[in-house]
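Enquirer: Using only what follows, build the 3D model:
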Amino acid sequence: MEIQQVEHLIIGAGVAGLTLRHFLDSASVAIVDPAPGSYKIGESMIPELFRHPELAALIPRIQGLPSYTPKYGTTFVAQGEVAYFPIGEREVGEAMHVARDELEREMAAAWEIEVTRAAVTSIDWDRKRVETTAGTYAVSGLILDCSGPAMVVARSRGEIEELLPAYATWAYYDVVSEHPGRLQATLEERGWRYLKYDVRHRRAIPSAVLDGREILATTHLTMIADGVWAWQIPLFGGTRLSYGVVSRHGPVSPARYRELAEVHVAPHFEIARRGEEGPSAYDKLHTRSGIARRAQVAADRDYILLADAYGFSDPVYSVGAGLAVSQAIEVAQMLNDGGWTEARCKAYVARCRRTLDRAREGFEFWYRGVVLSDAAVGEEVQRDFLLGGMFQTKISEHYGAAIDLAVLDSERDPFEVAWEGADLLPEVQALLATHPGAPLVGWTLVGARPCAGGLQLRWTYTEVAAELPELTMLAALDEAEDKPCFRRSGAMALSYMQLFDQPYPEVPALGALFDAVVDRVRGDERALVDCGQAETGRS
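Expert: Purely as a prediction, here's the structure:
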């Protein structure tokens, strides 16, 4: 059989391989996969996957797929607390639950990517030749491994190592009926607390308002026991559930899986088993052992490993596809712009190692439990400090970090509200009686935007004697005076965003700014809040 000469060979036609092929400029690229468009797990998609305009353009097509279900966020259940992380309103529809086989077939069709159905049988690294069931490829450039957990390149080099013990069992259930009110009733019956992520304070805070219909459409992650978590993902318009159990202790037997799934399924669903031996992947019981592995090296002069082909720790995060797409675009841009250099290779290897280390920190948090408690600790301390603080803080920290890992701009705060839309700076300056460039107690107003519930203001501290990060302030209507806030004046509540990696410094200048704003709008607070609300209403 004739040897095919190519510049780059992509192994694997999942979301990473398809995205990489689409963004690579080279015309001499082949992509091989033993079963393109076939079933695979990983059905919960974060909006970051569609950040690039060319991926965002696919959303209308994807929304027409049979399995598509809007995703409203992620709900964590652990240690007597339920914490809900909602998706921003503008991202509903971008976040989704969708079958991976349908998603990948749609991507390939939309981008007109031709995939060769072939499995890699061996790699000759001296000559850089890849033997497949469809023939031999001589690669002049790079072997790009997007094979996911198969880890084709690392396996061929004998460079796979286990990260930690992890075992998964999953199957699918039909949803017989939905009962949105049952979650609230269950929480009250069990004495559990409900928390909702507050973007203004960047933490989950206690809430009395629970939207059961919205939470029906979330990825539901439940801590069943020490070292055992479960995922629950609604598919096909909420008529079917993907339910999986992941354990650090050993394989989860079919009988044990069924017991756990049917006891711990979210109370707002009534479910019925599907078969275990049918022709469809949705009528089978799936198991996978030793899923937490990594390759020793993410890249060298001859190859690059992308996403799960380098390291895979756990399916609980549900950000793998976003990370895969982000890395694929990054690698394509590097190869298109100056090629693969030694410096770029070293930087990529270091970045992959850091990414996996950060992810592992989060995985360890899931599996070792929220806190290591002492039986002698008083109930009040245990409840209000250990559980009431640690769970909220660490869930926020690790879930936010997980999303951050899956975006092209890794420094972006995943919970930051985008500064888009109408610029209200002149109107706000008039209300505060300030002028462009004129500081207010050492702070200069540099931005004003409408947001859900009020108005966001951006301030920079201009005093030479101190360096403070940019501050985001929120002015919201609070006629009932029940919103958590930093300062309150009349019908207005003022709050500020914490920094992504640490609290905003509690310095006198911070309080002075809030006091000055309150003083400037005293008696006219509603006008400031309505400035943002009116603009939101027009848009």
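Enquirer: For the stretch 1-150 of the chain, which residues score under the pLDDT cut-off?
Expert: 1, 88-90 (pLDDT under 70).
Enquirer: go again using 90 as the cut-off
Expert: Across the stretch 1-150 of the chain, the ranges flagged by pLDDT under 90 are 1-2, 27, 41-42, 44-53, 56, 72-95, 148-149.
Enquirer: Let me see the ranges of the helices in it.
Expert: Here the stretch 1-150 of the chain has its helices, by DSSP state H, counting those that start in this stretch, at 15-23, 53-56, 59-62, 100-111.
Enquirer: Next: the stretch 401-539 of the chain.
Expert: Along the stretch 401-539 of the chain, counting by DSSP H, counting those that start in this stretch, helices occupy 425-432, 508-521, 525-538.
Enquirer: which stretch among those comes nearest Leu468?
Expert: helix 508-521 (6.6 Å; C-beta to C-beta). Placement of C-beta: from N, CA and C, glycine included.
Enquirer: relative to helix 425-432, how tilted is the closest one?
Expert: 80 degrees (axes from the mean of the first three to the mean of the last three C-alpha atoms, to 10 degrees).
Enquirer: now helix 508-521, how far from the chain's geometric center?
Expert: Taking C-alpha atoms, centre = their mean, to the nearest Å, one finds helix 508-521 lying 36 Å from the centre of the chain it belongs to.
Enquirer: what's in contact with it?
Expert: Residues from elsewhere that reach helix 508-521 (C-beta atoms under 8 Å, 6 or more residues apart in numbering): 431-434, 440-443, 459, 461, 463, 466, 468, 471, 473, 475, 486-487, 489, 492, 494, 496, 504, 527-528.
Enquirer: Mark which of these are part of strands, please.
Expert: Trp443, Trp459, Tyr461, Leu471, Met473, Ala475, Arg487, Ser489, Met492, Leu494, Tyr496 (DSSP state E).
Enquirer: Wait, the last one touches Glu470, no?
Expert: Going back to what we said before, that points to Tyr496. No. Using C-beta atoms under 8 Å, Tyr496 makes no contact with Glu470, being 10.8 Å away.
Enquirer: between those two, which one's more packed in?
Expert: Shown here are Tyr496 and Glu470; by other C-beta atoms under 10 Å, Tyr496 has more neighbours (19 against 13).
Enquirer: hmm, back to that, for the contacts of helix 508-521, which PyMOL command selects only the ones that are buried?
Expert: A single PyMOL command selects the buried members of the contacts of helix 508-521 (16 or more other C-beta atoms under 10 Å):
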select buried, resi 431+432+434+440+441+442+443+459+461+468+471+473+475+487+489+492+494+496+504+528
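Enquirer: ok, and the closest non-adjacent residue to Thr121?
Expert: Glu131 (4.8 Å; C-beta to C-beta, 6 or more residues apart in numbering).
Enquirer: Ends of stretch 11-29, what's the gap?
Expert: Using C-alpha to C-alpha, to the nearest Å, one end of stretch 11-29 lies 11 Å from the other.
Enquirer: What residues sit buried inside that stretch?
Expert: Buried residues in stretch 11-29, counted by 16+ other C-beta under 10 Å: 11-24, 29.
Enquirer: What number of neighbouring residues does Ser140 come out with?
Expert: 11.
Enquirer: what residues are up against it?
Expert: Counting by C-beta under 8 Å, 6+ apart, Ser140 touches Gln5, Val6, Glu7, Lys128.
Enquirer: circling back to that earlier point, just the buried residues of stretch 11-29 now: which is nearest Gly339?
Expert: Set against Gly339, the nearest of the buried residues of stretch 11-29 by C-beta to C-beta is Leu24 (11.8 Å).
Enquirer: OK, contacts around the closest one?
Expert: Leu24 touches His8, Ala332, Leu335, Asn336, counting by C-beta under 8 Å, 6+ apart.
Enquirer: ok, now Val331?
Expert: Here Val331 is in contact with Leu20, Leu144, Ile304, Leu306, Tyr348 (criterion: C-beta under 8 Å, 6+ apart).
Enquirer: I'd like the residues you listed as JSON lines, with distance to His179 appended.
Expert: Listed next are these as JSON lines, based on distance: C-beta to C-beta, whole Å:
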{"residue": "Leu20", "distance to His179": "43"}
{"residue": "Leu144", "distance to His179": "47"}
{"residue": "Ile304", "distance to His179": "48"}
{"residue": "Leu306", "distance to His179": "42"}
{"residue": "Tyr348", "distance to His179": "49"}
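Enquirer: Filter those down to the buried ones.
Expert: With neighbours counted using 16+ other C-beta under 10 Å, these contain these buried positions: Leu20, Leu144, Ile304, Leu306, Tyr348.
Enquirer: Restricted to strands, list the residues you listed.
Expert: Leu144, Ile304.
Enquirer: still on that earlier bit, out of the ones in strands among the contacts of helix 508-521, which one sits closest to Arg273?
Expert: Tyr496 (49.6 Å).
Enquirer: distance of the closest one from Pro469?
Expert: 11 Å (C-beta to C-beta, to the nearest Å).
Enquirer: and what of Ala138?
Expert: Counting by C-beta to C-beta, the gap from Ala138 to Pro469 is 53 Å.
Enquirer: do the same with Trp340
Expert: Counting by C-beta to C-beta, the gap from Trp340 to Pro469 is 36 Å.
Enquirer: More neighbours: which of those two?
Expert: Each of Trp340 and Pro469 has its neighbours counted (other C-beta under 10 Å); Trp340 has more, 20 against 11.
Enquirer: residues contacting the more buried one?
Expert: With C-beta under 8 Å, 6+ apart, Trp340 has these contacts: Gly141, Leu142, Arg301, Ile304, Met334.
Enquirer: Please check the residues you listed and keep the buried ones.
Expert: Buried among the contacts of Trp340 by 16+ other C-beta under 10 Å: Gly141, Leu142, Ile304, Met334.
Enquirer: Out of those, flag the one nearest to Thr186.
Expert: Nearest to Thr186 among those, with distances taken as C-beta to C-beta, is Ile304, at 47.4 Å.
Enquirer: ok, and the closest non-adjacent residue to that closest one?
Expert: Leu144 (5.4 Å).
Enquirer: Then Leu468?
Expert: Counting by C-beta to C-beta, 6+ apart, Tyr461 is the residue found nearest to Leu468 once chain neighbours are left out, at 4.0 Å.
Enquirer: Please apply the same query to Ala110.
Expert: Nearest one to Ala110, counting by C-beta to C-beta, 6+ apart, is Leu58 at 5.6 Å.
Enquirer: which residues does that neighbour contact?
Expert: By C-beta under 8 Å, 6+ apart, the residues touching Leu58 are Phe50, Glu106, Met107, Ala110.
Enquirer: Give the ChimeraX command for selecting the buried subset of these.
Expert: The following ChimeraX line selects those of the contacts of Leu58 that are buried, judged by 16+ other C-beta under 10 Å:
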select :50,106,107,110
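Enquirer: what's the spacing between Leu468 and Ala509?
Expert: In terms of C-beta to C-beta, Leu468 sits 7 Å off from Ala509.
Enquirer: Now for these two: what residues contact both?
Expert: With C-beta under 8 Å, 6+ apart as the test, Leu468 and Ala509 both reach Tyr461.
Enquirer: returning to what we had before: what about the residue nearest to Thr121, how many residues nearby?
Expert: The burial count for Glu131: 15, using other C-beta under 10 Å.
Enquirer: For it, which residues are in contact?
Expert: Val120, Thr121, Ser122, Ile123, Asp124.
Enquirer: domains of this structure?
Expert: 4-66+96-160+292-355, 167-289, 360-405, 425-538 (automatic domain parsing).
Enquirer: what would the ones you listed look like in a markdown table with distance to Gln79?
Expert: As requested, the domains of the chain are exported to a markdown table (distance: least, C-beta to C-beta, whole Å):
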| stretch | distance to Gln79 |
| --- | --- |
| domain 4-66+96-160+292-355 | 16 |
| domain 167-289 | 7 |
| domain 360-405 | 5 |
| domain 425-538 | 22 |
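Enquirer: most packed of those domains?
Expert: Highest mean neighbour count among the domains of the chain (mean count of other C-beta atoms under 10 Å): domain 4-66+96-160+292-355, with a mean of 20.
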